[in-house]
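# With the sequence up front, the predicted model follows.
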Amino acid sequence: MQGAGSDYQFGGNYIVFVKRGEDLLPAHIRTGLTDLDYSEVVSGLKATDSVIILPSASLVRSQEEFRERMGRFNQGVPGMRQEGTQQPQTTARPPGG
């Protein structure tokens with residue numbers, strides 16, 4: 001058995017994109033402890049690096065599904081104007097006109 005502290009729970013090796021100056025570069029990193037929201041980066045980054053977060057395919061899909069649901073909701077609510085529909089034309093004239 002290895003000594004305590006040498007293994008990282010959920011740790012692994014990953015490639016992330018970092019902005020260094022004006023350049024966007026891939027960086028190999030090693031992660032340590034995580035609570036699945038935040039991860040400890042134990043090697044591969046400098047203190048001045050900015051990590052670029054790219055949306056995952058599942059996030060993009062979720063956003064598209066949400067927009068579709070909202071679009072269907074807006075179409076079914078009485079009194080809400082839908083895009084592309086014309087307002088009714090009236091032939092009434094003001095009094096005295």
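Received it, and whenever you're ready, just let me know what you need.
# quick one: average pLDDT of the helix or strand hosting Leu24?
Here Leu24, judged by DSSP states H and E, is contained in strand 23-34. Average pLDDT, strand 23-34: 91.
# which parts of that strand are buried?
Ala27, Ile29, Thr31 (16 or more other Cβ atoms under 10 Å). In this view, the C-beta of every residue, glycine as well, is placed from N, C-alpha and C.
# Return the member of these nearest to Glu65.
Thr31 (29.7 Å; Cβ to Cβ).
# pLDDT score for the closest residue in space to the closest one that isn't next to it in sequence?
Excluding the flanking residues, the one nearest Thr31 by Cβ to Cβ, 6 or more residues apart in numbering is Ser39, at 4.6 Å. On pLDDT, Ser39 comes in at 86.
# swap in Glu64?
87.
# got it, and Arg69?
Arg69 carries a pLDDT value of 83.
# Based on its surroundings, how many neighbours for it?
By the measure other Cβ atoms under 10 Å, the count of residues near Arg69 is 10.
# residues contacting it?
Contacts here follow Cβ atoms under 8 Å, 6 or more residues apart in numbering; on that basis Arg69 touches nothing.
# Put the alpha carbons of the helix or strand encompassing Ser62 into CSV.
Assigned by DSSP H and E, Ser62 belongs to helix 57-75. Output in CSV follows, covering the C-alpha atoms of helix 57-75 (Å, rounded to 0.1, in the frame of the first residue of the first chain):
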residue,chain,number,x,y,z
ALA,A,57,-22.0,19.1,-25.8
SER,A,58,-24.5,18.3,-23.0
LEU,A,59,-24.5,21.9,-21.8
VAL,A,60,-25.2,23.2,-25.4
ARG,A,61,-27.9,20.6,-25.8
SER,A,62,-29.6,21.6,-22.5
GLN,A,63,-29.6,25.2,-23.5
GLU,A,64,-31.2,24.4,-26.9
GLU,A,65,-33.9,22.2,-25.2
PHE,A,66,-34.6,25.0,-22.7
ARG,A,67,-35.0,27.6,-25.5
GLU,A,68,-37.4,25.2,-27.4
ARG,A,69,-39.5,24.6,-24.2
MET,A,70,-39.7,28.4,-23.7
GLY,A,71,-40.7,28.9,-27.3
ARG,A,72,-43.5,26.3,-27.0
PHE,A,73,-44.6,27.9,-23.7
ASN,A,74,-44.9,31.4,-25.3
GLN,A,75,-46.9,30.1,-28.2
